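>>> How does the following fold in three dimensions:
(2 chains)
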2 protein chains.
Amino acid sequence: MPVPGRRVPIADNGAMSWLDQIKWDAAGLVPVIAQERTSGDVLMFAWMDREALQLTASSGRAVYFSRSRARLWPKGEESGHVQLVHEIRLDCDHDVVLLQVTQTGHEPGIACHTGRHRCFFQKLVGGPDHGRWEITDPVLKDPTSIYK
Amino acid sequence: MPVPGRRVPIADNGAMSWLDQIKWDAAGLVPVIAQERTSGDVLMFAWMDREALQLTASSGRAVYFSRSRARLWPKGEESGHVQLVHEIRLDCDHDVVLLQVTQTGHEPGIACHTGRHRCFFQKLVGGPDHGRWEITDPVLKDPTSIYK
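Presented below is the predicted three-dimensional model:
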């Protein structure tokens, strides 16, 4: 029986867990890239701590760790736009995670808090000397109607 | 004329540069995702400082900043497997960069130092309780023959 107030260890079976094989940074986080399975679009970039990644794997829905709010951030908790996770990948250095997801809640999917499909909606135009960031993607839904 | 030993400012024309609009982290870096244009595959994840990004934009070839070696890292400097950069994107928070690239030097492209196509060659299998990282991608070329 879990001791009250004590965090129950995950997969504490003596064997090295897949979670232990990740090189968490000094803050206990790992960067995560979310890619849309059908389109191949890179939707967003965020962070996970150990618990977030464990919850993502067990629930099949992306749970990130919000650095600004310093807490778990189940994607879509406010908007309802949850991300179904089809695949979890790890890179050669064991310190970056790549997700294959379906972005639910709207068609096409809205992953960005601005109401756009993806967070990478700004493109460098004009070359290195006269460069500027041009917005290339439309707002699909007014964010004030997405977030209460 | 540049003062010896003084870094010449980039695009110092009084206007706010596209580089100034990036939220560099405490170490002066920004995370960068490299995606293959033709396949949509996420090839790798690395970091850039201001100079690396400026050089990437001006040369059309990916130049990263190696955190372990604490210096600029022109991708392919040893292997010859340079990345041609077709597009540079920035996310909503101005703190993550996404590149669309062609990985040259081999067919299919080799982006990973292990001699594989991409760095994300490990996939979580077995579920959250009995998970393990399975290698899904073959080595395309022996890395000892790529790096001297």
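>>> dump the residue contacts of the residue positioned nearest the centre of chain A.
In chain A, the residue lying closest to the centroid (Cα atoms, centre = their mean) is residue A:46, at 4.7 Å. Listed by Cβ atoms under 8 Å, 6 or more residues apart in numbering or on different chains, the contact set of residue A:46 reads A:31-32, A:34, A:64-65, A:73. Placement of C-beta: from N, CA and C, glycine included.
>>> Can you list which of the residues you listed are found in strands?
Among these, the subset assigned to strands under DSSP state E consists of A:31-32, A:34, A:64-65, A:73.
>>> In terms of helices and strands, where is the nearest residue to residue A:29 once chain neighbours are set aside?
Using Cβ to Cβ, 6 or more residues apart in numbering or on different chains and skipping the chain neighbours, the partner closest in space to residue A:29 is residue A:47 (4.5 Å). Residue A:47 is part of strand A:42-49, with elements assigned from DSSP states H and E.
>>> avg pLDDT for that strand?
Strand A:42-49 comes out with an average pLDDT of 98.
>>> how about the CA coordinates for that strand, as CSV?
Extracted as CSV, the C-alpha positions of strand A:42-49 are listed here (Å, rounded to 0.1, in the frame of the first residue of the first chain):
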residue,chain,number,x,y,z
VAL,A,42,5.8,19.7,-37.0
LEU,A,43,3.1,21.1,-34.8
MET,A,44,4.8,22.3,-31.6
PHE,A,45,7.8,21.9,-29.3
ALA,A,46,7.4,21.6,-25.6
TRP,A,47,9.0,19.9,-22.5
MET,A,48,8.2,16.8,-20.4
ASP,A,49,9.4,15.7,-17.0
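>>> what's the angle from it to strand B:42-48?
70 degrees (axes from the mean of the first three to the mean of the last three Cα atoms, to 10 degrees).
>>> In chain A, which residue sits nearest chain B?
Nearest residue of chain A to chain B: residue A:40, at 3.0 Å (Cβ to the nearest Cβ).
>>> Report the contact partners of the closest residue to that residue other than its chain neighbours.
Spatial nearest neighbour of residue A:40, excluding adjacent residues (Cβ to Cβ, 6+ apart): residue B:40 at 3.0 Å. For residue B:40, the contacting residues are A:39-41, by Cβ under 8 Å, 6+ apart.
>>> roughly how far apart are the most far-flung residue of chain A relative to its centre and residue B:17?
In chain A, counting by Cα atoms, centre = their mean, residue A:129 sits farthest out from the average C-alpha position, at 33.3 Å. Separation of residue A:129 from residue B:17 (Cβ to Cβ, to the nearest Å) stands at 9 Å.
>>> what do you get for residue A:87?
From residue A:87 to residue B:17 the distance is 38 Å (Cβ to Cβ).
>>> Near residue A:123, how many other residues are there?
Neighbour count for residue A:123, taken as other Cβ atoms under 10 Å in any protein chain shown: 17.
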